[in-house]
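>>> requesting a structural model of the entry that follows:
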Amino acid sequence: MINFSERKDQNDRLESGLRVLKAEYQKPEMSGEQFEKLLAKIEEAKSDGKKERRRTRTVRYTAAAAIIFGLFIVLPNTSAAAADAMERIPVIGRLIEAVTFRNYEYESDRNMADIKVPKITVDEHANAGTSQKKLKRTVEEINAQIRSITDELVEEFEKNLSYEEGYQDVVVDSETLATTEDYFTLKLSCYQGAGSGYAWNYYYTIDLNTGERLSLKDIFKDGADYRTPISENIKEQMKAQMQADENVTYWLDQEVEEWNFKTISDDVSFYLNEKGNVVIAFNEGDVAPMYMGTVSFEIPADVLDGIRK
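The predicted structure is shown next:
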């Protein structure tokens, strides 16, 4: 829980110090000591900015931030060093989050749809640098893909409304799985039922440092064999779960050899959780009977020691 009292005290102290600095920086030139103080305040603001990005609900802009931006007007005319320092001022409160963009609901005796369409948004005040431009472009691409997925489900649902027999259910929801300083992960959950049902998920993990959507290979060193240790650990977890619960079944030693899980593919679904660990996810029927639903396996950090970037 955010301690607003503590946050206010921190902001008040920073604000007071910056007011003094602002008065000094309005002089024609900056001393070396003044410049060092400025850099110290920049680092303090940067630290606060990182803390802000770890929270999805927070006060985005503080009085201290306003004073820092006020300094921008003064500093460019004081020295080249100050102008360089201004480039290093962090964007305070830069956040990426998912909001519900559209709801599609329908219910009758034979048909039910509850489709919540998420949209990833980027703080409009985010830095306009190269990585931020990539981030916005990546977000636009992901949002377009989500719209395409949900539009297709809605279209199919409405087409089936004309049938006088049978039942159908369609449910789409989303969940933010991780929001850290370095990455953001959104899960899109889909379910479609018509007699029997099928559930599947999509995962979108964005590197907030580069602005790119991550693939599994992106988080490992070039040329590293990550598939083998991940696959072997998944098999160990499967066996342990089956030994602990007789109702749990995975396809490991089945008579039909083609069903058995052997190794993950390069395009397997995955995400990074709040601990930074890789989580491999499978849809219904991928590695287990349908009654097992969607399943996932968190890979311990030590399994991937030496090959993670």
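
>>> what helix or strand is residue 203 located in?
Using DSSP states H and E, residue 203 maps to strand 196-207.

>>> mind saving the C-alpha coords of the very next helix or strand once past that strand as CSV?
Note on strand 196-207: by DSSP H and E, the next helix or strand toward the C-terminus is helix 227-244. The C-alpha trace of helix 227-244 is given here as CSV (Å, rounded to 0.1, in the frame of the first residue of the first chain):
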residue,chain,number,x,y,z
ARG,A,227,15.0,-24.7,-24.8
THR,A,228,16.7,-27.8,-23.2
PRO,A,229,16.9,-26.6,-19.6
ILE,A,230,13.4,-25.1,-19.7
SER,A,231,11.9,-28.3,-21.2
GLU,A,232,13.6,-30.6,-18.7
ASN,A,233,12.5,-28.5,-15.8
ILE,A,234,8.9,-28.5,-17.1
LYS,A,235,9.0,-32.3,-17.3
GLU,A,236,10.3,-32.5,-13.7
GLN,A,237,7.4,-30.2,-12.6
MET,A,238,4.9,-32.3,-14.5
LYS,A,239,6.1,-35.5,-12.8
ALA,A,240,6.1,-34.0,-9.4
GLN,A,241,2.5,-32.7,-9.8
MET,A,242,1.3,-36.1,-11.0
GLN,A,243,3.0,-37.9,-8.1
ALA,A,244,1.3,-35.5,-5.7
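
>>> for the next helix or strand after helix 227-244, which strands pair with it and how are they oriented?
Proceeding N to C from helix 227-244, the next assigned helix or strand is strand 269-272, under DSSP H and E. Here strand 269-272 is paired, per DSSP bridges, with strand 278-282 (antiparallel).

>>> show residues contacting the partner strand.
201, 203, 216, 219, 230, 234, 264, 268-273, 288, 294-299, 304 (CB atoms under 8 Å, 6 or more residues apart in numbering). Quick note: C-beta positions are derived from backbone N, CA and C, even for glycine.

>>> from those residues, keep the buried residues only.
Applying 16 or more other CB atoms under 10 Å to the contacts of strand 278-282, the neighbour count classes 201, 203, 216, 219, 230, 234, 264, 268-272, 288, 294-295, 297, 299, 304 as buried.

>>> element containing residue 113?
When elements are assigned from DSSP H and E, residue 113 belongs to strand 111-122.
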